[in-house]
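**Student:** Here is a sequence with its predicted model. Questions after.
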Amino acid sequence: MTKREIDFLIAKKVMEWETTHFENIDVMEAYTEFSTLVIGEDFAPSDDIQDAWLVVEKLKQEGFYSFHTDLSLDSGREWWSWHFSKGVNNYGSQQETAPLAICMAALKAFNVEEAVKS
């Protein structure tokens, strides 16, 4: 799964925005209350920490708690573990960047099949 595909799933499944994939020109868009966003350009939470924080805030609104660990000191390279928990359920992901770890954990929390398999 590419980062743009992850961003599209975040927009659709987590943020619950209306989305469209124009396959003939390979453009993905999300429609928020205020604007139209081109996925991967205007909204790229798997790469952009500001967009990833929107995802964290959305999960908080849904009743999830968020916690993370910077594993860089132990591994000698950037490596993040991000978790969302709700009740007794915990959904986590370990990735090379915090934004990507946030997105993959969020997709797992929303039981998006593509992320659950990874």
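**Tutor:** The structure has been received and is ready for your questions. Numbers count the residues shown, from 1 in each chain.

**Student:** can you give me the helices in the chain?
**Tutor:** 3-9, 49-61, 72-75, 98-109, 113-116 (DSSP state H).

**Student:** which one of those has the most crowded surroundings?
**Tutor:** Highest mean neighbour count among the helices of the chain (mean count of other CB atoms under 10 Å): helix 98-109, with a mean of 25. (Each C-beta comes from the backbone N, C-alpha and C, glycine too.)

**Student:** Lys86 is nearest to which of the helices of the chain?
**Tutor:** helix 98-109 (7.3 Å; CB to CB).

**Student:** now the nearest residue to Ile39 once chain neighbours are set aside, which residues is it bridged with?
**Tutor:** Distance criterion CB to CB, 6 or more residues apart in numbering; nearest residue to Ile39, sequence neighbours excluded, is Met28 at 3.8 Å. For Met28, the beta-bridge assignment (DSSP bridges) gives partners His21.
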